Structure formats: structure tokens, C-alpha cells
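Chemist: Here is a sequence with its predicted model. Questions after.
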Amino acid sequence: MMGRTLAGLTFVISFAVQVISMGMFQVSIMSIYNYRGQKDNGHCCDGNQERPPCTMECRTFFSICLLHYITDVPDNPSCPFGHTFTPVLGGNTINETALAVLNYFPLKIPFSYAWPGTFTLVIDVLHDAFHNRTRTDRSQRILRSVVIDTLYPPTVWKKETEVSESVDLFYNFRVLCDENYYGPECNVICRPRNDNLGHYLCDENGTKTCLPGWEGEHCQRALCLDTCNKTNGICEEPFTCRCIMGWTGESCDQCLTHPKCMNGYCLQPSQCICLGGWRGEYCNIDTNFCMKTQPCLNGGTCIFNLQSNYTCLCHHNFTGIHCENPLCYPGFCENDGLCQDEERGPICTCPPGYHGVRCEIPVPTCLEIECRNNGTCIMKDFGATCDCVAPFIGKRCETYKNPCDAVPCKNGKCFNKSSSYTCLCEEGYKGDNCDITVDLCDDYICHNGGTCFLDSSSKLPVCACGDNYSGYDCRNTIDLCVDHQCQNGGSCKVTSSNFKCECTDGYSGDYCEHKRDSCENIVCKNGGICKHFENSTKCVCGIHYKGRQCEVPLLQSDQSATHPTLGDRDRDMGYVNRGYILHLTIYTTTGTTLIITYFGKLLTL
């Protein structure tokens, strides 16, 4: 192994910080030699042989897992510090030449926490058995290398060799802080800058070092000239002195007057303190202006004015700032108009053919103008004008005015019709301007008392029919008996709003479905009970009554005659004797005859 040149494929596991730290753990695979082409379980990676010699090469890729400090590494670690894996890089031997051909770029996975120093690195060399590069299938492992170590950035490459019975693996690893991050935990941030937020470099420990001419915590304050007034001047660049607003001079110790100040001076910025003989906010009013210049002409009187130095009070018939203009100067009225002085000002009397304040407007005649588009020329106070015919407007009726431009159709489309327009209304509107909402029920007739309404979904008119009527306009009469069958021979009759079954004798109910009790309307008096017989219904009376309704009391002499007959094996005998009944009952049994005789008004055995 001594003569081999190690290859240079580097896989970078980097961990990006959010704000507090950033760094990366780097692993560089140098080379691997799988002399037998087998996995660590002794089986061939591929081919028919389970044991060496193996006829086919392994499809080799790497899984790199970075964990917290742990000595007992499970088969499938969770890799909380980061994980990456490569594509298939080659067969049994991957050396410098093979890696150069691949030209594979490094992988980067950032870490976003302070580097702890201690770590566990797990590198698995795996066979891609099913072309899915799974790292969880223990049976496809060619070699595992575990490093438990302590490193602090920045570190140089640390070499590592993993040798098994048939596989040699050579690789390097190291820990680096990312750019602008420093310290053993990569949590010291320092970014060199030279802008409005700072002017500094970073030393090897991440400490800020100010550039020449700058000071302060972030080196953002420039050093001023020694003569610069620190109150009135600031330094945006080192060894300068820029005056703040209102100050000037090399050392910023001279105030500036107000920009409009003309004859004054200042003690503080923007002041305007007037010199002698000057007044006003900006010292621009000369108190001796009238005496010095005598500006008013034509006998006008100069009066001192604090706003504009002076005011000229003009004599009658003159005007102007300096009373330089007569009220009626030659040429004031044009076209030979006559000027007259009035209290309210000069008035021009215009000759025929002109009008206007100064007779400057010629009066047109119908011979001089042409009215277009059938317009008619008419004369008014200030000359001829055109009376236009719609839809034309303008001084000479030259402009066409589309009546649809005014959007007269409120809910429809406007169509121009020469001098007028017509509207094509949208659905649901009517009228000349489509401004009337259409009630679809107005022209929709519902017969037989039906009521029209608009359907909520279709918005079309629909009839709500009265009882016993149907159809879209309620013309159809509903035969209620079609859907109602009377039972047991009953017949259906339609009433004003419903139906009725007329039942045959012995049945009742809405559909004649109930068999009527024949005793329902029979009243048996004096304790009698209504009984059904084969072809009739009768009252069964007590022993003291008879009749159809048991309404007739029996005489005592009638009792024996009406007493019910006994069965075939019994006989009953009796007669009346002074209100007492003699009963003789004979019971016959096998070999014995029992005779019972008794008296009484009423005895029951």
C-alpha cells in the first residue's frame, strides 16, 4: 500500500447557521481497494457465487453520517449532525484515476449550531444491489469505518485508514468555520466591511480592526480634523469637516443667514438681522426709497409700504405701478373705438361691426359664416351664429355628437339612428332607455286561481296551482280518486278539495278498510249483551227480561217457560207455587240416580 497515490474526492458535510454560527465538516475519500469483490458478510456483491472468488464487481457508493459523541453506534444511526451519500462511483477499486474521470463535485450540508468539538463519524461503503442506494440494508455493507474524536476549527486534514480482511479504505477529514465565522465553536461572527455600517477588517480571532481614520464599536465614526467645530460639523470621511445645515467655513463656525435675506446678518443659522435703513422679514424694504428714487410719475404721490417699499397714489386718469399709464391712452380701444373715462374705469364705445371690452372682436354676419350639416345661421346681439340640427354641435355645426356617447341605455346596448338612438335591452328590462324592470309574471296567465311567481334558480315564471289543479298553467284537473282505491266494494267520490270513500254495509274507515261491528249501533238494556249469530245479531237478556232490546220484564209465572233448556244429559223441571219455584233436577250417573228437590225464590246450582 505504500506506493499508492491517494485520490482526491471530497464530500463536504456543512451545516449552515442561521444567525449565531456556521461551519462545515469535510470528508475527503482518497481511495478504496476491495480485493475480493465481496461484502463484509463474506458474500459476493453480485454474480452467481455467494463466496469468493467473485466473478462480478461491486457497485460501490459511500454513506457519510455525522453524529454527536457516541461510542455504541447502531446499524442505522439517525445522523443528527448531518448525512450525505454519493452516487455509485465505481467497482471494486476506486483510485485517483477513476475519481478524476468522474469529476464529481463536493457535497455541502451546513450546520446551524455551535460546534461541540466532540463527534462520531460513520462512513459506510455499500453495494448498490437494487439500484436504490439504500443505506439501511445491513446485508449490502462492504465496510464500515467509525471515528470517535475531538476537533476544533480550523484544523488541517486528518488522515484515517480503515483496513479489513479484504478491503482497504483511505480518507481524510477536518472541521472548518465558514467564511466570516471564527472561534472554536464557529459562533463568533465578523464580516469585513467598508460601507455606511462600518469600516473594519477581522483578525484571526474574529475581532474587528478599524480601518485608518475610523473609530467606534463598529468603526462607523470618522475621525475629524482637529480644528472642526464638533457641534456644527460632522465627518463622513476621515479627516474632513462637513458643516451641518446653517453653518459654513473651514471649521464650520460661521452661520448662514436666511436664503432670502438681502441686507442683513446672523448670529444663529437662518437669521436675518437688518442693517440700518432696511426693514422687512428679509431686510429688503428700503425705508428711504421714496426720497431716494421718487418713482411716481404724472404727479403721483409716493407712500412708504412695508411689503413692497412704496406705493404710488395716482392722480385721476392715470394708473400703473408708477402712475405711468393714462386711463384712456391712444389705442386702448381698438378698431377706432371711442374711450371714455368713467369712475369704474375706461369704457370703449365700439363702431359698427365690432364688440368686446376694447372693440377687439369683429361682429360676424350670416354672409361671412357657413353653417355645416344643415345648420341655420341666425343673428344675435354679438353677431351671426349657427343653430345646429341634432346630432351636430359646435360653432359651425361641424362636430358630430353620437347620442350613444351619453350612455342613455341603462341596462342595454345603444344603437345610433341618425339624430336619435334605440336601445336593445338586456333580459329582464324594458322601456325606451331599458330602465324599467320587467315582471315576467305580468304576461303569464295561471288558470283556475293559480298564482304566478319567479323560480329562484331559473328566474322563469311558474304557476302555483290551487287544490285539484295541475300543469304549467293550472289547466289540468287532478282526479284524486286515481291514486286512492276504496276497499271492500266502496266507491270513491271527489269533493271540492279532497276525496271520500262511500262504504258498503258492514265496513267503515277512510278507505272502507275496517269491518264494522254489527253490535255497534244495537243497545241492549237491563244488562243484556249483544251477540253475533250466523245471520243475525240479537240481545241475550237476563232471566228477568225479554224483548228485542231486553226492555220487557218477565212475570214470575213465565220464568219456567223461558228458562233455557239444559243439555242432553240433564233435565230441568219447575213450577210456580205462591211465588216460590219448585225445582227438581235429576242427575244420572253410571249405576246411580241422584234426585235433588228444593224450594226457593231463586236458587242457582
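Modeler: Nice, I can see it.
Chemist: beta partners for the closest residue to residue 548 other than its chain neighbours?
Modeler: Leaving aside its chain neighbours, residue 548 sits nearest to residue 539 (6.6 Å; criterion: C-beta to C-beta, 6 or more residues apart in numbering). For every residue, glycine as well, the C-beta is placed using N, CA and C. For residue 539, the beta-bridge partners are residue 530 (DSSP bridges).
Chemist: Give me the neighbour count for residue 539.
Modeler: 21 (other C-beta atoms under 10 Å).
Chemist: Does it touch residue 532 like I think?
Modeler: No. Counting by C-beta atoms under 8 Å, residue 539 stays clear of residue 532, with 11.6 Å between them.
Chemist: so who does the residue nearest to residue 548 touch?
Modeler: Contacts for residue 539 (C-beta atoms under 8 Å, 6 or more residues apart in numbering) come out as 522, 524, 525, 528, 529, 530, 531, 547, 548, 549, 550.
Chemist: Pull out the buried members of these.
Modeler: 524, 528, 530, 549, 550 (16 or more other C-beta atoms under 10 Å).
Chemist: Ramachandran coordinates for the second one?
Modeler: Backbone torsions for residue 528, taken as degrees, to the nearest 10, come to phi -70, psi 160.
Chemist: Next, the contact list for it, please.
Modeler: Neighbouring residues of residue 528 by C-beta under 8 Å, 6+ apart: 539, 540, 541, 542, 545, 549, 550.
Chemist: Need the max-distance pair from the residues you listed.
Modeler: Using C-beta to C-beta, those span at most 12.4 Å, a distance reached by 542 and 549.
Chemist: that older thread, closest to residue 426 out of the buried ones among the contacts of residue 539?
Modeler: Nearest to residue 426 among the buried ones among the contacts of residue 539: residue 530, at 79.4 Å, using C-beta to C-beta.
Chemist: Just the CA atoms of stretch 456-475, as PDB, please.
Modeler: What follows is stretch 456-475, C-alpha atoms only, in PDB (Å, rounded to 0.1, in the frame of the first residue of the first chain):
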ATOM      1  CA  SER A 456     -85.500  31.100  -7.600                       C
ATOM      2  CA  SER A 457     -83.000  29.100  -9.800                       C
ATOM      3  CA  SER A 458     -84.200  29.500 -13.300                       C
ATOM      4  CA  LYS A 459     -85.700  33.100 -12.800                       C
ATOM      5  CA  LEU A 460     -88.600  32.000 -15.000                       C
ATOM      6  CA  PRO A 461     -92.300  32.400 -14.300                       C
ATOM      7  CA  VAL A 462     -94.000  29.400 -12.600                       C
ATOM      8  CA  CYS A 463     -97.700  28.800 -11.600                       C
ATOM      9  CA  ALA A 464     -98.500  27.700  -8.100                       C
ATOM     10  CA  CYS A 465    -101.800  25.900  -8.700                       C
ATOM     11  CA  GLY A 466    -104.800  25.600  -6.400                       C
ATOM     12  CA  ASP A 467    -106.300  22.400  -5.000                       C
ATOM     13  CA  ASN A 468    -107.300  19.800  -7.600                       C
ATOM     14  CA  TYR A 469    -105.400  21.500 -10.400                       C
ATOM     15  CA  SER A 470    -102.000  21.000 -12.000                       C
ATOM     16  CA  GLY A 471     -99.900  21.700 -15.100                       C
ATOM     17  CA  TYR A 472     -97.600  24.600 -16.100                       C
ATOM     18  CA  ASP A 473    -100.600  27.000 -16.200                       C
ATOM     19  CA  CYS A 474    -103.000  25.100 -13.800                       C
ATOM     20  CA  ARG A 475    -105.400  23.900 -16.700                       C
END
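Chemist: Distance from that stretch to the middle of the chain?
Modeler: 41 Å (C-alpha atoms, centre = their mean, to the nearest Å).
Chemist: SS state for the spatially most central residue of the chain?
Modeler: Here the mean C-alpha position of the chain is nearest to the C-alpha of residue 457 (C-alpha atoms, centre = their mean), at a distance of 27.2 Å. Of the three states, residue 457 takes coil according to DSSP: H, G, I helix; E, B strand; the rest coil.
Chemist: min pLDDT across the buried ones among the contacts of residue 539, which one?
Modeler: When the buried ones among the contacts of residue 539 are sorted by pLDDT, the bottom entry is residue 549 at 85.
Chemist: That one is in contact with residue 524, isn't it?
Modeler: Yes. Between residue 549 and residue 524 there is a contact at 5.9 Å, judged by C-beta under 8 Å.
Chemist: which helices and strands sit right next to the helix ranked longest in the chain?
Modeler: The longest helix of the chain (DSSP state H) is helix 96-102. Here helix 96-102 touches strand 23-34, going by 3 or more C-beta pairs under 8 Å, 6 or more residues apart in numbering; DSSP states H and E.
Chemist: try it again with 10 Å
Modeler: strand 9-15, strand 23-34 (3 or more C-beta pairs under 10 Å, 6 or more residues apart in numbering; DSSP states H and E).
Chemist: Would you mark the buried spots in whatever helix or strand comes next after the longest one?
Modeler: Once the chain leaves strand 23-34, the next helix or strand it forms, by DSSP states H and E, is strand 60-67. Taking 16+ other C-beta under 10 Å as the basis for neighbour counts, the residues of strand 60-67 that come out buried are 60, 61, 62, 63, 64, 65, 66, 67.
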